[in-house]
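*Asks:* Fold the following for me, if possible:
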Amino acid sequence: QVQLVESGGGLVQAGDSLRLSCVASGRTFSSYAMGWFRQAPGKEREFVAAINGFGTSTRYAESMKGPFTISRDNAKNTVYLQMNSLKPEDTAVYYCARGRREFTSPNSKAPEEYDYWGQGTQVTVSS
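*Replies:* Okay, the predicted model is just below:
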């Protein structure tokens with residue numbers, strides 16, 4: 001069983017930055033792509049970003065290119081989401097997830113492409 005634990009969320013003001021972290025258990029972390037999703041109150045879970053197992057390929061939701069950056073440190077079994085220039089509409093619970101494959105693809109935006117999920121970390125951006 002793989003466990004994913006997110007951290008780094010909190011209450012910030014518009015324009016601030018946050019870096020989310022997600023630590024995964026297990027010894028085969030680099031064999032799987034990782035993704036970040038978010039879910040705002042009353043809305044469906046939406047794709048944010050994904051990164052392949054080696055950290056050489058990334059994909060982003062169109063609206064999040066630029067302000068958000070996904071990265072990973074396989075030596076630490078950790079994936080990160082750097083979020084800059086935060087806006088109130090970025091308020092959501094952010095989840096990390098482990099992909100079913102090493103690589104990313106256009107399908108990486110689909111929740112069905114991921115088999116393990118963390119519990120989420122709350123990000124609240126005040127105006």
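*Asks:* List the contacts of the residue nearest to residue 111 when sequence neighbours are not counted.
*Replies:* The shortest distance from residue 111 to any non-neighbouring residue, by C-beta to C-beta, 6 or more residues apart in numbering, is to residue 45 (6.2 Å). From N, CA and C alone the C-beta is placed, and that goes for glycine too. Contact analysis of residue 45 by C-beta atoms under 8 Å, 6 or more residues apart in numbering lists 37, 38, 39, 95, 111.
*Asks:* And these, which two are furthest apart?
*Replies:* Longest distance between any two of the contacts of residue 45 is 11.6 Å, between 38 and 111; criterion C-beta to C-beta.
*Asks:* still on that earlier bit, now, of the contacts of residue 45, which are buried?
*Replies:* Buried by 16 or more other C-beta atoms under 10 Å: 37, 38, 95, out of the contacts of residue 45.
*Asks:* how distant is the helix or strand harbouring the last one from the center of its chain?
*Replies:* Translated: residue 95. Here residue 95 sits within strand 92-99, counting by DSSP states H and E. Relative to the centre of its chain, strand 92-99 is centred 5 Å away, using C-alpha atoms, centre = their mean, to the nearest Å.
*Asks:* Contacts for it, please.
*Replies:* Here strand 92-99 makes contact (C-beta under 8 Å, 6+ apart) with 2, 4, 6, 9, 20, 22, 24, 32-40, 43, 45, 48, 50, 79, 81, 108, 111, 113-123.
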